[in-house]
Every structure is written in C-alpha cells, then in structure tokens.
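Q: have a look at this prediction, sequence included:
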Amino acid sequence: MTAANMSNPQSTAPLRADLLLVLFLIGFDVAARVLLHTGNVSPVAASALFAGMMLQRRWLALLVPLTAMALSDLFIGGDDWRVSAVVYAALTLPAVIGILARRFGPARAVVPAALSCSFFFFVTTNFAVWAFSGMYSLDMAGLTQCYVAALPFLKYTVAGDLFWAAVLFGGAWLVQRLTTRATAFTTQS
C-alpha cells in the first residue's frame, strides 16, 4: 500500500469488506460445526467456495476453511492428524475452485463447483481413513469396504454443500438486490 493509498480511506474499504466477510464466514462455519454438528452437513466447503468467488483479495479465501476447521476442532476434536490434514486440504479446494471460477460467475459455476468439491472430498478423505485409521485392511478389499461404508454419508455432504452454497450465494444476491433497490429509491426521492 502506498502513502497515497493510506491517506485515502476509499482504498482500505475493499480490504475492510474482505476482512469482515472472512470473519463472518469463519464465525458462521465454527458456529454451524459446533452447534449444528450434523455429520457432513457443514457450511465449510460452501463458505470456501463463496470466499473464493467473492473476496477481492483471493488469498484470504484459503484462510476461511483452514481457520474455521482449526477453531471448531478445538471444541469438537479432530481425527488422526494425517486424516485431518487431508480433510483440511480437501476443504481448501473449494476456495481454489471459487477463485478459478470467478470469470464464469456464480450462476454458472456454483452447482458444478459444489458437486465436484463434494465428490473430491469424499474420495480423498475416505482414502485417508482407509490409509491411516487402521479400521480397514490395506488392500483393495479394505479400500472397497471403506468407500462402501462411507457411501451413506456422501448424500449428506452433497446436500449440505448445495444447501449452504444456496444460502450463501442466494443471500448475497438478495442483499445486492435490496441494496440496489434502496439506492435507486433514495436517488429518485
């Protein structure tokens, strides 16, 4: 930031807006994971996707899922560190996809992005459970057993990611629409 930018409060407005959105999303994710702890129906992936598509400072989008997971894991506990590392990494993917999908806009990108992230999360985290938990034999039969056992949870992951993406992107659209109408009404008066 240059000296000219520091004296101009307008230049810090986007940073302030980004930081407020990041804090809101992290708080929202932590509260949802701690208070509404329903397996695999978490807003973390949707929040990461939303942050990736909406934040001006794109790198901040990566902080949303990582910080939300770390803070909420303080309350609900975590898994084996290797499984947790895979979970955290898989939850940064929606932020990266959101950053890359910005040019397509939310209307075209949100559903395919959310679905692909849900399936990626399923594949990678269950592979980690198979590889590191000791619950399954480390052969093809154990891997198959792990994925079959996890299949009932996939529907919750997909439903949660789509629901929370609809809430976040729909909420943002609604706020923008109401703000636009209020501004138009004020300028006409």
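A: Good, I have the coordinates. These numbers come from a predicted model, not from an experiment.
Q: which helix runs longest in the protein?
A: What stands out as the longest helix in the chain, according to DSSP state H, is helix 140-188.
Q: who does that one touch, helix- and strand-wise?
A: Counting contacts by 3 or more CB pairs under 8 Å, 6 or more residues apart in numbering; DSSP states H and E, helix 140-188 is packed against helix 44-54, helix 106-132. All C-beta atoms are positioned from the backbone trio N, CA, C, and that covers glycine.
Q: buried residues, the longest one. List them.
A: This means helix 106-132. Buried residues in helix 106-132, defined by neighbour count with 16 or more other CB atoms under 10 Å: 106, 109-110, 113-114, 117-118, 120-122, 125-126, 128-132.
Q: picking up where we left off before, and the longest helix of the chain, how far out from the chain middle?
A: In terms of CA atoms, centre = their mean, to the nearest Å, the centre of helix 140-188 is set 9 Å apart from its chain centre.
Q: angle of that helix against helix 106-132?
A: For helix 140-188 against helix 106-132, the angle by axes from the mean of the first three to the mean of the last three CA atoms, to 10 degrees is 150 degrees.
Q: now residue 104: how far from residue 123?
A: Residue 104 sits 24 Å away from residue 123, going by CB to CB, to the nearest Å.
Q: does residue 95 really touch residue 52, like I thought?
A: Yes - assessed by CB atoms under 8 Å, residue 95 is found in contact with residue 52 at 4.2 Å.
Q: just the residues contacting stretch 82-93, thanks.
A: The contact list for stretch 82-93, computed with CB atoms under 8 Å, 6 or more residues apart in numbering, reads 44-45, 48, 62, 65-66, 69-70, 73, 78-79, 117, 120-121, 124-125, 127-129, 131-133.
Q: can I get it as CSV, trimmed to CA atoms?
A: Output in CSV follows, covering the C-alpha atoms of stretch 82-93 (Å, rounded to 0.1, in the frame of the first residue of the first chain):
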residue,chain,number,x,y,z
ARG,A,82,-3.0,-37.4,8.8
VAL,A,83,-6.7,-37.7,8.2
SER,A,84,-7.2,-34.2,9.5
ALA,A,85,-4.5,-32.9,7.2
VAL,A,86,-6.3,-34.5,4.2
VAL,A,87,-9.7,-33.1,5.4
TYR,A,88,-8.2,-29.6,5.7
ALA,A,89,-6.5,-29.8,2.3
ALA,A,90,-9.7,-31.1,0.7
LEU,A,91,-11.6,-28.1,2.2
THR,A,92,-9.2,-25.6,0.6
LEU,A,93,-10.1,-26.9,-2.9
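Q: no more questions from me, cheers.
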